[in-house]
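Peer 1: Need a 3D model of the sequence below.
(one chain, ligands or ions: 1)
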Amino acid sequence: MSRGKPGPEQLDLAAGMHTCLAENDYISSDGVDCRNYGVLDGLYEMKEIFAGLLDVSPDEVILGGNSSLSMMFDNIASNASHGVRDSIPWQRQGDIKFICPVPGYDRHFSICDYFHIKMVTVGMTPGGPDMDAVERLVESDPLIKGMWCVPIFSNPDGCTYSDDTVRRIANLKPAAHDFRIYWDNAYSVHHFRGDRPEIPCILRECEKSGNPHMPLVFTSFSKISFSGAAVSAMATSKSNCDFIRKRLAVQSVGPDKLNQLRHIRFFGNAEGVFKHLVKIADIIRPKFETVIQIFNENLSHLEIANWTDPSGGYFISFNTLPGCAAKTISLCKEAGITLTPAGATYPYGNDPNDSNIRIAPTYPSLGELKQAMEIFCVAVRIAALEKQIQA
Ligand code: PLP
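Peer 2: Numbering: from 1, shown residues only. This next block holds a predicted model:
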């Protein structure tokens, strides 16, 4: 349970992708032979599918390989070495920084660490990052070059940004002219209860505010088709896309278009994706419900923990008493349960309260999950008791 991995039954739903291309099926609807080199930024029909998921135009979409995280990494690498739209490379501007809402996604923090980008934390509220803090920091410090955002069903809180938060982000007046918003939309279509959350489109809002090139939107099929063989995408202004295509022309001779074609054949269009996601939601929902029920039964009367109960995404964010997260996780490990390491949801692995634990319920079977969560609750209680005895 250390990562948000789809369970095998979810992956089985896409089994037809193995056989959906016949031997003679390799020409896209616009006449591209997908077996060969070319079409650097991906098949137009696949862009149309992403456009339908992200509510943008296909001309604002660039396709990547199987991982959106690689696209984020690559964009930052490009800005570090060559600058944003030909401005001075970030790596020649001193100790640059990113805003990191916390708790957040550990791999965003690892990318910053890798590029020696200092991480400036801001707290999360139920409606998204603390925007007073974000505005104060971004509008006063020209070394702040980026901000991570997971706007829908954030990792790990499961929070969805309010319309006001989205508009305040779009209306930022950054001190750095080469500031970028990394809008990681990994979970935008992954609701398992209620309707799909609708928030203002960051591209449109940034156009209105006169910041059209500031946002970079990322997503992928990792949690829709196969995590190891998906298609990823980014959406940004058409002019940003032109800059990115220049780099792609040096970097690659073309993506895996047969995999894109497989996705086109299997899902058909964005509507087909939404239909498939209903089946995935039916598998995921009982897992989240099981975890919440076990927490309610075992912990709700004790006042030693709190947790989120999200309507989508891949995580439950659990908070122990201060100083108890690492101990809880190590007790679980002794009992054979691997959880996300303590501190992982904070930059540098440092949760100042040693309290937050990311629960990822999707991979185990329902039976395994039940057993694991019952043991987890015992570990939470032991760690809390030890802390209270010490105090
Ligand atoms: N972004 C967030 C917020 C995630 O939680 C994850 C995976 O857990 C990813 C990105 C990874 O996406 P991909 O598989 O497309 O690289």
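Peer 1: Show me where the protein has its helices.
Peer 2: For the chain, applying DSSP state H gives helices covering 8-12, 44-54, 68-82, 106-114, 131-138, 163-170, 202-208, 238-251, 257-267, 270-299, 325-334, 366-390.
Peer 1: Now stretch 177-193: average pLDDT?
Peer 2: Predicted confidence along stretch 177-193 averages 98 (mean pLDDT).
Peer 1: mind checking which of the helices of the chain is nearest the ligand?
Peer 2: Across the helices of the chain, the minimum distance to the ligand, taken as CB to the nearest ligand atom, is reached by helix 68-82, at 3.4 Å. Where you see a C-beta, it was placed from the backbone N, CA and C, and this is true even at glycine.
Peer 1: what about the closest one and the ligand, touching?
Peer 2: Yes: figure legend: helix 68-82 in contact with the ligand (CB under 6 Å from any ligand atom); contacting residues 68, 69.
Peer 1: In terms of secondary structure, what does that helix contact?
Peer 2: Other elements packing on helix 68-82 under the criterion 3 or more CB pairs under 8 Å, 6 or more residues apart in numbering; DSSP states H and E are helix 106-114, strand 180-184, strand 215-220, strand 232-235, helix 238-251.
Peer 1: let's go with 6 Å and repeat that
Peer 2: Using 3 or more CB pairs under 6 Å, 6 or more residues apart in numbering; DSSP states H and E as the contact definition, the elements that helix 68-82 packs against are strand 215-220, strand 232-235.
Peer 1: Check those strands for me and report the most buried one.
Peer 2: Ranked by average neighbour count under the criterion mean count of other CB atoms under 10 Å, the helices and strands packed on helix 68-82 are headed by strand 232-235 at a mean of 27.
Peer 1: What strands line up against that one, and which way round?
Peer 2: Based on DSSP bridges, the pairing partners of strand 232-235 within the sheet are strand 61-63 (antiparallel), strand 215-220 (antiparallel).
Peer 1: can I get these in TSV with mean pLDDT?
Peer 2: Compiled in TSV, those are given as follows (pLDDT from 0 to 100):
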stretch	mean pLDDT
strand 61-63	98
strand 215-220	98
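Peer 1: Indicate which one of those strands is closest to the ligand.
Peer 2: Closest among those, using CB to the nearest ligand atom: strand 215-220, at 3.2 Å.
Peer 1: List the contacts of residue 385.
Peer 2: Applying CB atoms under 6 Å, 6 or more residues apart in numbering to residue 385 gives no contacts.
Peer 1: ok, 10 Å please
Peer 2: Residue 385 makes contact with 302, 304, 321, 324 under the criterion CB atoms under 10 Å, 6 or more residues apart in numbering.
Peer 1: So which residues on this protein come close to the ligand?
Peer 2: Looking at the ligand, the residues of the chain close enough under CB under 6 Å from any ligand atom are 4, 67-69, 105, 150, 155, 184, 186, 220, 222, 227, 232.
Peer 1: Quick one, which of these are buried?
Peer 2: Burial by neighbour count, judged by 16 or more other CB atoms under 10 Å, picks out 4, 67-69, 105, 150, 155, 184, 186, 220, 222, 227, 232 from the residues of the chain next to the ligand.
Peer 1: Which of the residues you listed sits closest to residue 364?
Peer 2: Proximity of these to residue 364 (CB to CB) peaks at residue 4, which lies at 12.2 Å.
Peer 1: Please report the distance of the nearest residue to residue 388 once chain neighbours are set aside from the ligand.
Peer 2: Counting by CB to CB, 6 or more residues apart in numbering, residue 388 lies nearest to residue 321, which is 7.9 Å off, once chain neighbours are set aside. From residue 321 over to the ligand the distance is 26 Å, taken as CB to the nearest ligand atom, to the nearest Å.
Peer 1: How about exporting stretch 171-187 as PDB, limited to the C-alpha atoms?
Peer 2: What follows is stretch 171-187 as a C-alpha-only set of coordinates in PDB (Å, rounded to 0.1, in the frame of the first residue of the first chain):
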ATOM      1  CA  ASN A 171      -4.500  36.100 -11.300                       C
ATOM      2  CA  LEU A 172      -1.100  35.900  -9.600                       C
ATOM      3  CA  LYS A 173       1.300  38.600 -10.500                       C
ATOM      4  CA  PRO A 174       4.600  36.700 -10.100                       C
ATOM      5  CA  ALA A 175       7.800  38.600  -9.300                       C
ATOM      6  CA  ALA A 176       9.500  36.200 -11.700                       C
ATOM      7  CA  HIS A 177       8.500  36.600 -15.400                       C
ATOM      8  CA  ASP A 178       9.400  33.000 -15.900                       C
ATOM      9  CA  PHE A 179       7.100  31.600 -13.200                       C
ATOM     10  CA  ARG A 180       5.100  28.500 -14.200                       C
ATOM     11  CA  ILE A 181       2.100  26.700 -12.600                       C
ATOM     12  CA  TYR A 182       2.500  22.900 -12.700                       C
ATOM     13  CA  TRP A 183      -1.200  21.900 -12.800                       C
ATOM     14  CA  ASP A 184      -1.100  18.200 -12.300                       C
ATOM     15  CA  ASN A 185      -4.600  16.900 -13.200                       C
ATOM     16  CA  ALA A 186      -3.800  13.300 -12.400                       C
ATOM     17  CA  TYR A 187      -7.200  12.700 -10.800                       C
END
